[in-house]
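In: output the structure for:
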Amino acid sequence: MEMQQLHAFSLLAQYENMSTVAQILNTSQPQISKLIASLEAELGVRLFDRVGRGLRISEHGQLFCQYAEEALASMQSAKMAMKNLRNSLLGTVRIGTFAFAPILNPCLLAYTKKEPNVNFCYIQRSLSSLKRDIDILLTSSENGYYTAENHFPVYCNLFEEEYYMILSPKFRDYPEGKTSIDLHETKYFPFIVMGQSHPYKTPTYEMLQAFSNLIGFTPRVAYEVNEFVFKVLLVSEGAGIAFLPKVCLPAAKTIAPDLRILSIERYATTRSVVLARQRRREMSPAANDFWDFAIEYFHQPADVLP
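Out: From the prediction side, this is the model:
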């Protein structure tokens, strides 16, 4: 059964006139007659009865007409869908995350409005294994050093951000007007940190070591965790204090609304959030397109390492 047969049958069921249908389809009456005869032979029933010199659709034809029209409508919908997809991208963009993944969420949502048929996959593993499986890397650089250029040579600094101290009133109930903290106040405070092997770890150990040289003591690490939510919950329960970069603060406040957020006095605690990629020839069209969109979204030019 062919669409040409169904189309001719549907028109003939409507007009019940061979000449009219032949004109509409820009063909001959014998060709229309041949299409209907072959369709009737395939179905094993008569679809039209002759009445004088004219035609009238039979009971079998009336029943079959419902299915024919559904098939034609379905095919038309399929053609429209393919037409809409003709200039759209398909595929999956694979993103490795060594920074807080929700950083990209607003960008991803904006891109999905532009290319709704592109999917995204976040992957979190060691850098050496990620190279085989991802197109784009979300990471950070500390003190101006980007360390993944051997695997992902094209990179862009998306934005700079500061670290903040978070704590709960259950741990220390500071006055509402207090907005910053001197690290000397933390001499006996227990710190909660991401474990050193965790991909999302902030550079807490490096920061603590640097601070120890400046303030004359080494802050005490009381808890190592491997999950962001667990870290925030421990802080919320009053188990200790923690550093968080600015981009993580809204998520932390969602988990624990009573958190206090304090800037750190007198010490520089900043990082760059970096988006990096493989060379274009190693990436899919969807990944290349998303990269260009993301760079424009964050309003930064890309830097290419030599």
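
In: surely residue 151 meets residue 134?
Out: No - judged on Cβ atoms under 8 Å, residue 151 makes no contact with residue 134 at a distance of 9.5 Å. No exception for glycine: its C-beta is placed from N, CA and C like everyone else's.

In: more neighbours, the two?
Out: Using other Cβ atoms under 10 Å as the criterion, residue 151 and residue 134 rank with residue 134 on top: 26 against 16.

In: quick one, strands of the stretch 1-150 of the chain?
Out: Under the criterion DSSP state E, counting those that start in this stretch, the stretch 1-150 of the chain contains strands at 48-51, 54-57, 91-97, 118-123, 136-141.

In: quick check: which of the ones you listed is nearest to residue 286?
Out: Residue 286 lies closest, by Cβ to Cβ, to one member of the strands of the stretch 1-150 of the chain: strand 91-97, at 3.8 Å.

In: could you list the residues in contact with the closest one?
Out: 101, 104, 118-125, 127, 130, 133-139, 199-200, 284-287, 290 (Cβ atoms under 8 Å, 6 or more residues apart in numbering).

In: which of those count as buried?
Out: Listed as buried from the contacts of strand 91-97 are 101, 104, 118, 120, 127, 130, 134-139, 199-200, 284, 286-287, 290; burial here means 16 or more other Cβ atoms under 10 Å.

In: looking at the strands of the stretch 1-150 of the chain, which is closest to residue 23?
Out: strand 54-57 (15.4 Å).

In: buried sites along the closest one?
Out: 55, 57.

In: the closest residue to residue 264 other than its chain neighbours: which element?
Out: Excluding its sequence neighbours, the residue lying closest to residue 264 (Cβ to Cβ, 6 or more residues apart in numbering) is residue 165, at 5.9 Å. Using DSSP states H and E, residue 165 sits in strand 154-167.

In: what residues sit buried inside that strand?
Out: 154, 155, 156, 157, 158, 161, 163, 164, 165, 166, 167.

In: do the same with stretch 291-298
Out: Across stretch 291-298, burial judged by 16+ other Cβ under 10 Å covers 291, 293, 294, 295, 297, 298.

In: for stretch 101-114, same thing?
Out: Of the residues in stretch 101-114, those buried (16+ other Cβ under 10 Å) are 101, 103, 104, 107, 108, 111.

In: please apply the same query to stretch 242-252.
Out: Buried-residue list, stretch 242-252, by 16+ other Cβ under 10 Å: 242, 243, 244, 245, 246, 247, 248, 252.

In: for these, which one is nearest residue 193?
Out: Distance to residue 193 across those (Cβ to Cβ) is lowest for residue 242, with 6.8 Å.

In: what strands line up against the helix or strand harbouring that closest one, and which way round?
Out: Residue 242 belongs to strand 242-245 when assigned by DSSP H and E. Paired with strand 242-245 in the same sheet, following DSSP bridges, are strand 154-167 (antiparallel).
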